[in-house]
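# build me a structure from this.
(2 chains)
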Protein chains: 2
Amino acid sequence: MKTNPKIVRKIAELRSEIANFKQRESGKADSTVGFVPTMGYLHDGHASLIRQSATDNGLTVLSIFVNPIQFGPGEDLDKYPRDEERDIRVASDSGADIVFLPSVEEMYPRRRVTTVTVDDVTDRLCGASRPGHFDGVATVVVKLFNIVQPDRAYFGQKDAQQVAVIERMTQDLNIPVEIVPCPILREEDGLALSSRNVYLSPEQRQEALVLSKSLARIPEWIAEGMNATRLIASLKDFIGQSPLADIDYVDVLTYPDLSPPDGDMPLFETDSNLLIAVAVRFGRTRLIDNRLLKPTEVGAYICSAK
Amino acid sequence: MKTNPKIVRKIAELRSEIANFKQRESGKADSTVGFVPTMGYLHDGHASLIRQSATDNGLTVLSIFVNPIQFGPGEDLDKYPRDEERDIRVASDSGADIVFLPSVEEMYPRRRVTTVTVDDVTDRLCGASRPGHFDGVATVVVKLFNIVQPDRAYFGQKDAQQVAVIERMTQDLNIPVEIVPCPILREEDGLALSSRNVYLSPEQRQEALVLSKSLARIPEWIAEGMNATRLIASLKDFIGQSPLADIDYVDVLTYPDLSPPDGDMPLFETDSNLLIAVAVRFGRTRLIDNRLLKPTEVGAYICSAK
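Numbers count the residues shown, from 1 in each chain, chains lettered A, B, ... in the order given. Down below sits the predicted model:
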């Protein structure tokens, strides 16, 4: 469903395009607006979000904005990869109707004094490694939601903590948007798709497979009766065998509240969703990956292992 | 324009009432929604906001919610005056169509981890005296805006800093709501209307006139060539003559950015709006009042005094 998306760079123009659509389609079944917020350099993971939105909604808005306030000092804001022309092609191939490409000045026209902070679910994982990161994410997502006013917004489950933060914020602030998490997309060899993968040297690219490979061992380890502490240690051991891997974190948490599961209990006895998340540096490139298990899935491992 | 307002206590019901109105009135001139958020114990000041909204909009939603998160420890949350029956009468007499009366559980059904913080414009005045107060205000206003999704929201200029905080937050977060500040209403003797006036003993009530009386001297003092420092000192001297008055703050700031005006310059030379704001305790009751001057008004004082 190739489209010829309208390119919009100004907030006022975007609002007016969306208002026109809503007025035109008012009362029709297909009058909902889907929204896919991204930082661009789109890959098939993003394309899958756009396609899902285009399937679910009458209008799909894709935003591409490298949000400076979610980058810390020394992070990769300046060298974050950009390719507007290619992004618009991906948007078109995937079914986007509008591509919103605001400048930093358009999004932050004066000194910003308002911040949206989400505590608790940001204490661990990327929240701990990247202080202030999720304040920046939460603030820009609230801004974009207020600009687009979508019915549904699509986020990749690869940033599982980001999804948890945005779901919680949306509930806490009564934002009338349905958050739709979408599955991680992977290369054929298992590497999770990421705009940052382009930073990797061929050797790093090869060793980066240790993330998905370690996560693939989880069912077997849970079936063996591991508790959270042992599972974390096993994952760290596995990843540590890669000489180029510099582990940032490996953690096992309940989902979506992101708190540690009950102490010594074998994980197959847990009755919560479990998020097993890893962040590993290869040189200066930091990659994340995760696996999200429902209680029935967790239980199934021990059954199938018996 | 007496109305028979619908009383709504649940968020879902309110959303559905407003959606019905919008669908019914879609395309008509009078299809806008006006919103008056209050903490109840309504006085004529609130009534004037409701009347203004009823004049401007097809539907007026009044909310009454004593928001616990904007009260500090030791403040008057528990004894904040409440009178639901009378409030509904005032709402009806003033033209409200819907009165939203949520419980604390309805607004905060689970541990809230999301906070909206506004820096800078909260550094002084009530922001300095009541740490965390404006985080609580900003957070509940974002929630209420997301629930009601009004076209316009009405706030009393008596809480001038609150108006500045909400205007700034609305801009920073791209909230599609027009903020409409409305003038302070006063008793015949000059006391600014406030739900907290009921706390005052007859003696305190009499002495509380020192607030409006001190503010009434401002034109004359500015015409004399006072700078900010001298104006603040004169106001403090004037208020200090009341033995029951315990000054919390007296300040002169530019508006709406709430920063100190240029040092030694006579105020009649300023080219910004000026907010002159006072907060004074009488016993355990803290009252606020203010005067907002446009540059032309400030200049007019010297002209008329010459």
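
# does residue A:145 touch residue A:151 like I think?
No: with contacts counted by Cβ atoms under 8 Å, residue A:145 stays clear of residue A:151, the gap being 10.9 Å. (Glycine included, C-beta is placed from N, CA and C.)

# mind listing the shared neighbours of those two?
The contact sets of residue A:145 and residue A:151 overlap at residue A:177 (Cβ atoms under 8 Å, 6 or more residues apart in numbering or on different chains).

# between those two, who's got more neighbours?
Each of residue A:145 and residue A:151 had its neighbours counted (other Cβ atoms under 10 Å in any protein chain shown), and the higher figure belongs to residue A:145 (24 against 17).

# quick check: next helix or strand after the helix or strand hosting the more buried one?
With elements delineated by DSSP states H and E, residue A:145 resides in helix A:133-148, which encompasses its position. Towards the C-terminus, the helix or strand next in line after helix A:133-148, according to DSSP H and E, is strand A:152-156.

# which is the next helix or strand following that next one?
Elements were assigned by DSSP H and E; along the chain past strand A:152-156, the next helix or strand is helix A:160-172.

# name the helices or strands packed onto the helix or strand immediately after that following helix in the chain?
Next helix or strand after helix A:160-172 toward the C-terminus (DSSP H and E): strand A:178-182. Other elements packing on strand A:178-182 under the criterion 3 or more Cβ pairs under 8 Å, 6 or more residues apart in numbering or on different chains; DSSP states H and E are helix A:44-56, strand A:152-156, helix A:160-172.

# looking at these, which is closest to residue A:219?
Each of these was scored for nearness to residue A:219 using Cβ to Cβ, and the closest is helix A:160-172 (17.7 Å).

# pull the CA atoms of that closest one into CSV?
Written as CSV, here are the backbone C-alpha positions of helix A:160-172 (Å, rounded to 0.1, in the frame of the first residue of the first chain):
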residue,chain,number,x,y,z
ALA,A,160,10.5,-2.2,26.3
GLN,A,161,11.2,0.2,29.1
GLN,A,162,10.2,3.1,26.9
VAL,A,163,6.9,1.3,26.2
ALA,A,164,6.4,0.8,30.0
VAL,A,165,7.2,4.4,30.7
ILE,A,166,4.8,5.7,28.0
GLU,A,167,2.0,3.4,29.0
ARG,A,168,2.3,4.4,32.6
MET,A,169,2.5,8.1,31.8
THR,A,170,-0.5,7.9,29.5
GLN,A,171,-2.5,6.3,32.3
ASP,A,172,-1.3,8.7,35.0
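
# now the most centrally placed residue in chain A: how far from residue A:193?
For chain A, the residue sitting closest to the mean C-alpha position, by Cα atoms, centre = their mean, is residue A:159 at 3.0 Å. With the distance defined as Cβ to Cβ, to the nearest Å, residue A:159 ends up 12 Å from residue A:193.

# ditto for residue A:95
Applying Cβ to Cβ, one obtains 18 Å for the distance of residue A:95 from residue A:193.

# ok, now residue A:271?
Where residue A:193 is concerned, residue A:271 sits at a distance of 32 Å (Cβ to Cβ).

# do residue A:280 as well
As defined by Cβ to Cβ, residue A:280 lies at a distance of 16 Å from residue A:193.

# nearest spatial neighbour of residue A:192, chain-adjacent residues omitted?
Excluding the flanking residues, the one nearest residue A:192 by Cβ to Cβ, 6 or more residues apart in numbering or on different chains is residue A:289, at 4.7 Å.

# how many neighbours does the one you found have?
Per other Cβ under 10 Å, the neighbour tally for residue A:289 reads 23.

# my read is that it contacts residue A:211, right?
Yes: using Cβ under 8 Å, residue A:289 is in contact with residue A:211, at 4.2 Å.

# mutual contacts of these two, please.
What both residue A:289 and residue A:211 touch, as defined by Cβ under 8 Å, 6+ apart, is the set A:192, A:278.

# so residue A:89 is in which element?
Secondary structure from DSSP H and E places residue A:89 in helix A:84-94.

# pLDDT-wise, which helix or strand of chain A ranks last?
Ranking every helix and strand in chain A by mean pLDDT, DSSP states H and E puts helix A:295-305 at the bottom, with a mean of 62.

# who's more crowded, residue A:280 and residue A:193?
Each of residue A:280 and residue A:193 has its neighbours counted (other Cβ under 10 Å); residue A:280 has more, 24 against 18.

# now do the SS call for the more buried one.
Assigned by DSSP: H, G, I helix; E, B strand; the rest coil, the conformation of residue A:280 is strand.

# that one against residue A:240, yeah?
No: when contacts are counted by Cβ under 8 Å, residue A:280 is not listed as touching residue A:240 (9.9 Å).

# anything in contact with each of the two?
Joint contacts of residue A:280 and residue A:240 (Cβ under 8 Å, 6+ apart) are residue A:247.

# with adjacent residues omitted, what lies nearest to whichever residue of the stretch 151-300 of chain A sits closest to chain B?
Nearest residue of the stretch 151-300 of chain A to chain B: residue A:172, at 3.6 Å (Cβ to the nearest Cβ). Here the nearest residue to residue A:172 in space, its sequence neighbours aside, is residue B:114; by Cβ to Cβ, 6+ apart that works out to 3.6 Å.

# before we move on, what about residue A:229?
The nearest residue in space to residue A:229 (Cβ to Cβ, 6+ apart) is residue A:264, at 7.8 Å.

# how about residue A:249?
residue A:279 (5.1 Å).

# do the same with residue A:81
Spatial nearest neighbour of residue A:81, excluding adjacent residues (Cβ to Cβ, 6+ apart): residue A:41 at 4.4 Å.

# which residues touch that neighbour?
By Cβ under 8 Å, 6+ apart, the contact list for residue A:41 reads A:80-83, A:87, A:195, A:198.

# do residue A:9 as well
In this structure, residue A:9 makes contact with A:100-103, A:106, judged by Cβ under 8 Å, 6+ apart.
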